[in-house]
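Enquirer: mind looking at a prediction? Sequence and model below.
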Amino acid sequence: MGPQFEIFAKTDLARSAGKIPRKRSASNTQVMRAIRFETFGDPSVLELAEVPAPTADGTTAVVRVMAASINPSDVKNVAGAMKQTTLPRIPGRDFAGVVEAGPAEWIGAEVWGTGGDAGYTRDGSHAELIAVPIASLRRKPELLSFDQAASIGVNYMAAWSGIEAAGLKAGETVLLIGAGGGVGGAAAQIGTKSTNAPGLLPTSCRRRHRWQSAD
């Protein structure tokens, strides 16, 4: 994926909570570390930067990102495929973390989230902190680790939206093309776990994932 993605993974930004945010001596402004891009291109345009930390207000909470995932759409976003994206921008849509600022009842809560305009018209999850709408806060299931929760968002939301849009009914059979991919795999899991799931016929062109099942 390129050296900047490797830097992001190896520095483990989210777990430096005792060090960041800190204050600049000149302006006394809290800052955080983040992966950011100022021009579109391949992953080499990503830079590890020190930027102003987000703040909470009446409609926004601040979450310390403990884990964030990288989706194909994030890479496409950096490349300029998402026309709505404004620059400079911190990419990333999926995250899991702990609420640091916002409504009193949410402080310290472990949460997870995804999607919306994060990473496109507002800064995303590839940073130590992310500002999110209070209305979007959702508590992370205790049985999921931060890493697991952060890997669910885009894939499972896309899969769920597709299944809902299809208007499937019990007794119907669904052919999933590309079940070896993120969204296809998520759709297969959602379908097989649902109490009124239709029959599934998942397929994949990847040799190691080539399988079919009508169960």
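Expert: Arrived safely, thanks for sending.
Enquirer: hey, let's count contacts and neighbours off CA atoms from now on
Expert: OK.
Enquirer: tell me the contacts of Pro103?
Expert: Contact analysis of Pro103 by C-alpha atoms under 8 Å, 6 or more residues apart in numbering lists Ala61.
Enquirer: if you could redo that for Ser136, that was the one I meant.
Expert: Under the criterion of C-alpha under 8 Å, 6+ apart, the neighbours of Ser136 are Gly113.
Enquirer: next, give phi and psi for it.
Expert: Dihedral pair for Ser136: phi -90, psi -10, per degrees, to the nearest 10.
Enquirer: model confidence for it, exactly?
Expert: With respect to pLDDT, Ser136 scores 95.
Enquirer: can you check the one 10 residues further on too?
Expert: At Phe146, the pLDDT value in this model is 98.
Enquirer: quick one: the longest strand anywhere in the chain to chain centroid distance?
Expert: Taking DSSP state E as the criterion, the chain has its longest strand at strand 60-68. Its chain's average C-alpha position is 11 Å from that of strand 60-68, according to C-alpha atoms, centre = their mean, to the nearest Å.
Enquirer: just checking, what packs against it?
Expert: If you count contacts as 3 or more C-alpha pairs under 8 Å, 6 or more residues apart in numbering; DSSP states H and E, strand 60-68 packs onto strand 95-101, strand 129-133, helix 146-150.
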